[in-house]
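1. Pasting the sequence and the predicted coordinates here, then a few questions.
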Amino acid sequence: MIGRRACTSIALAATTLVASLTLTACGGSSSAKGADGKLDVVASFYPMEFLARQIGGDHVAVTDLTAAGVEPHDLELTAKQVGAVQKADAVVYLKGLQPTVDQAVDQSSAKHRIDATAASPLVDHHLDEGTEEGNGQKAKGPAGDPHIWLDPTRYAAIARSVGDEFAKADPAHADDYRKNTDELVGKLDALDKEFQAGLKNATTRTFVTSHAAFGYLADHYGLTQVAINGVDPESEPTPARLAEVQKAARDNGVTTIFFETLVSPRLADTVAKDLGLRTAVLDPLEGVKDPSKDDYLSVMKQNLANLQAALGATSAAPSTATS
Ligand SMILES: [Zn+2]
């Protein structure tokens, strides 16, 4: 026990002080499984947790570093969480979204590190122009929009890499991991086809959202995202940016200003009121408030319905979150 506690405090000190510290002395437990016989998996935030649970099934014990309903950008880790990353068998994370998680993984002795961006490289969507955040973005960390999980085909590629790595980490259950991966990828393929068909006849292809989380989704389905904020949902737009958004909304027949579930809708409400438009939810799935009721697939289907309503692609009623 003393050894483990020492590991935790060293890892914490390393996180706060130096990145180059190596922790070879703490890597003693390199067996493939935890005490309960399950593969010990740490996931950085909801979309990674969902993949780990779906693919791992009963063979894995999953710890999510970002609590349900918490906004994951700029997450701070507790000493206990750093310890969990340190002793995990496998870590599933998305490099570039949460710097403290990236640091903890760098210092972890986990043999199986699954970085989502290795399966689906990030693209720079240049969506931060004109926001306060945009001015600091270039100097701050790796370039690229981190929201890759919102394109179901990219998410499927990440699922494949999780399945492959779990099979390596726990070969005794490799067949189950493959089967579960195939099943999930099948569902994601079906979801992709629903989006393709559902958005085909949209009367406008431009949508306005508070937080620029939907660049990959827009790319994949031929839509244009106009974001009030940058990739960081807490940033504040400049007055010039607000004027641009209003012009884009007027020019493109926009009916709806989207906001998200984990961040205050104040900004979207203000913009919508100024333009006489309604608001609705477009959920970036950075967390799910009630995982017993909703999951990636159900929330994405709701997103599709809300997009269809906003883009005139269906006669379906808009979401309940209208103003
Ligand atoms: Zn985000």
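-> Right, received. Where do you want to start?
2. Centroid-nearest residue for the protein?
-> Residue closest to the average C-alpha location in the chain (Cα atoms, centre = their mean): E286, at 4.6 Å.
3. Using the three-state scheme, assign that one.
-> Assigned by DSSP: H, G, I helix; E, B strand; the rest coil, the conformation of E286 is coil.
4. May I ask you to confirm that it is in contact with H73?
-> Yes. Assessed by Cβ atoms under 8 Å, E286 is found in contact with H73 at 7.5 Å. Yep, even glycine has a C-beta here, placed from its N, CA and C like the rest.
5. the strands in this structure, which residues?
-> 39-43, 60-64, 90-93, 112-115, 206-209, 224-227, 256-259, 278-281 (DSSP state E).
6. what does stretch 275-285 contact?
-> 46-47, 147, 149-150, 207, 209, 211, 213-214, 246, 249-250, 254-261, 265, 268-269, 271-272, 296, 299-300, 302-303, 306-307, 309-310, 318-319, 321-323 (Cβ atoms under 8 Å, 6 or more residues apart in numbering).
7. what's the span of stretch 60-70, first residue to last?
-> Terminal residues of stretch 60-70 are spaced 23 Å apart (Cα to Cα, to the nearest Å).
8. Show the average pLDDT along that stretch.
-> For stretch 60-70, mean pLDDT rounds to 92.
9. For it, list every residue counted as buried.
-> Neighbour-count burial for stretch 60-70 flags 60-66 (criterion: 16 or more other Cβ atoms under 10 Å).
10. Let me have these in CSV, extended by distance to V162.
-> As requested, these are exported to CSV (distance: Cβ to Cβ, whole Å):
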residue, distance to V162
V60, 10
A61, 15
V62, 11
T63, 15
D64, 14
L65, 16
T66, 17
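11. for those residues, which one is nearest V226?
-> T66 (27.4 Å; Cβ to Cβ).
12. If I follow the layout properly, that closest one ends up in contact with V42?
-> No. With contacts counted by Cβ under 8 Å, T66 stays clear of V42, the gap being 11.0 Å.
13. any idea how far L51 is from V62?
-> As judged by Cβ to Cβ, to the nearest Å, V62 and L51 stand 10 Å apart.
14. Domains in this protein, by residue range?
-> With domains defined by automatic domain parsing, the chain comprises 41-189, 201-311.
15. Run the chain-centre distance for the longest one.
-> What it means is domain 41-189. Put simply, domain 41-189 sits 8 Å off its chain's centre (Cα atoms, centre = their mean, to the nearest Å).
16. try stretch 298-312
-> Centre to centre, stretch against its chain (Cα atoms, centre = their mean), the figure for stretch 298-312 is 18 Å.
17. Start the count at 86 instead of 1 going forward.
-> Got it, first residue is 86 now, which makes that one stretch 383-397.
18. what does that stretch contact?
-> Contacts made with stretch 383-397 from outside it, assessed by Cβ under 8 Å, 6+ apart, are listed as 237, 276, 279-280, 283-284, 287-290, 292, 308, 339-341, 343, 365-368, 370, 373, 398-399, 401-404.
19. Please check those residues and keep the buried ones.
-> 237, 276, 280, 283-284, 287, 289-290, 292, 308, 339-341, 343, 365-368, 370, 373, 398, 403-404.
20. In ChimeraX, how would I select the buried members of the contacts of stretch 360-370?
-> To isolate the buried subset of the contacts of stretch 360-370 in ChimeraX, counting by 16+ other Cβ under 10 Å, use the following:
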select :131,132,232,234,235,292,294,296,298,299,331,334,339,340,341,342,343,344,345,346,350,353,356,357,381,384,385,388,391,392,394,395,403,404,406
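21. Sort out for me which of the contacts of stretch 360-370 are in helices.
-> 131-132, 331, 334-335, 353-354, 356-357, 381, 384-385, 387-388, 391-392, 394-395 (DSSP state H).
22. and Y178, what is it in contact with?
-> By Cβ under 8 Å, 6+ apart, the contact set of Y178 is 128-129, 133, 186-187, 190, 198-201.
23. Any chance of a markdown table for these, columns pLDDT and neighbour count?
-> Below are the contacts of Y178 laid out as a markdown table (pLDDT from 0 to 100; neighbours: other Cβ atoms under 10 Å):
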| residue | pLDDT | neighbour count |
| --- | --- | --- |
| A128 | 98 | 28 |
| S129 | 98 | 28 |
| M133 | 98 | 29 |
| V186 | 97 | 27 |
| D187 | 97 | 19 |
| V190 | 97 | 22 |
| R198 | 97 | 18 |
| I199 | 98 | 26 |
| D200 | 98 | 19 |
| A201 | 98 | 28 |
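24. My read is that G338 contacts T288, right?
-> Yes. Using Cβ under 8 Å, G338 makes contact with T288 at a distance of 7.0 Å.
25. Run the chain-centre distance for stretch 377-392.
-> 14 Å.
26. typed the wrong thing, it's stretch 279-292
-> Centroid separation between stretch 279-292 and its chain, computed with Cα atoms, centre = their mean, is 23 Å.
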